[in-house]
Structures are given as structure tokens and as C-alpha cells.
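Enquirer: give me coordinates for this.
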Amino acid sequence: VEMWVPGFFFPQALRTASLVNFSHHLGVEVEVVGLIFKVISEAPNVLHVPASAGLYLTGICMARGRWDMKNEQISEDNARDCVSLPVLHMIPYIKSAPLIGCINSYSCPMNRVLVWQENIQQSGQSQNFVMYVNLPCAGGCTPDQFLLRGTRLVIEDL
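Expert: This next block holds a predicted model:
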């Protein structure tokens, strides 16, 4: 299923609903389910085939970084503008299963808006922060470089 994330009033619930739905499907507790992410750099018409698991997320931009489609990793970008990210595939998995992934990956925060301001709800949670998305880094880059640059994903409809 393809979801246009800026259309959600409360996008944090999309993550929670995916975890709950997958855990109910397998009959396991929600606590043992996690999410991995894969950026789909292929043509959008590939998405006409439903995902075997998870959701396709669209309408996401990257600030202070860019997605390198050739190498399928994030890399530095000197532009200050948001760059549109290809489709993001959010895939649920059981945490006890061995996860083969990229060691050099950046836990990229996804925010609702580009402006860096914190509005804390009564529950103590940020209204701007949605979730972390692990993305592989370019060979010569470290996750710390992207952290210091403030690289983040933004779901704001620009």
C-alpha cells in the first residue's frame, strides 16, 4: 500500500498502526516487532505491485543531505533546500530474527515540518518528531557527519 505521508494529521500513528497490524497478523507481542527501511530508487510504476510486507511511504523530503540513487545511500549535499526522497519502504520484522544490514548507517530523524521547533504535548512527546529511519551512509561519510549537519527527513508538503 502506498501512503502519502503529508496527508496524515498525526503521522506518528502510521508507525504504531503498522507495528500493531504486523504483530496481530503473526500473533506476537508488539514489543518484539521493529521496522527497517529501504529506499526504492526505481521507477514509480514498480509500486503498482503491492508490497509483500509493510508500506510504501511517499511525500518525504531530505534536508541537508541527498539520496544517491546510483549507490543507494545518503550523501552530503551543500544545498540548503529540501530534496525529494524516492519512495521509502517501511518493512516490519521480528526483532529476534537476525537482521543483516548496513553497519555504517545514520539514524535519520523524520520530522513533520522543516522549521526546527519543539512543541511538547502534555504527554511529554514532541509534535514535530515522527520516527527514526536508518539509512546507509556514503563510503567516506560517518553517521556523525550527518548528525552534525542536521540531516533529517521532512514530511512537510513543500
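
Enquirer: just the helices in this protein please.
Expert: Here the chain has its helices, by DSSP state H, at 12-26, 143-149.

Enquirer: any chance of the ones you listed in a markdown table, plus mean pLDDT, mean neighbour count and distance to residue 5?
Expert: The way it works is simple: take the backbone N, C-alpha and C, and place the C-beta from them, glycine included. What follows is those, written out as a markdown table (pLDDT from 0 to 100; neighbours: other CB atoms under 10 Å; distance: least, CB to CB, whole Å):
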| stretch | mean pLDDT | mean neighbour count | distance to residue 5 |
| --- | --- | --- | --- |
| helix 12-26 | 88 | 15 | 7 |
| helix 143-149 | 89 | 15 | 21 |
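
Enquirer: residue 61: which of these is closest?
Expert: With CB to CB as the measure, helix 143-149 is the member of those nearest residue 61 (15.1 Å).

Enquirer: now find how far off-centre that closest one is within its chain.
Expert: Helix 143-149 has its C-alpha centroid displaced from the chain centroid by 17 Å (CA atoms, centre = their mean, to the nearest Å).

Enquirer: what's the answer for stretch 140-157, then?
Expert: How far stretch 140-157 lies from its chain's middle: 12 Å, per CA atoms, centre = their mean.

Enquirer: picking up where we left off before, out of the helices of the chain, flag the one nearest residue 34.
Expert: Set against residue 34 and scored by CB to CB, the helices of the chain come closest in helix 12-26, at 8.0 Å.

Enquirer: next one: the residue lying closest to residue 26 once chain neighbours are set aside from residue 84, what distance?
Expert: Once flanking residues are discounted, residue 26 sits nearest to residue 94: 7.2 Å by CB to CB, 6 or more residues apart in numbering. To residue 84, residue 94 is 32 Å away according to CB to CB, to the nearest Å.
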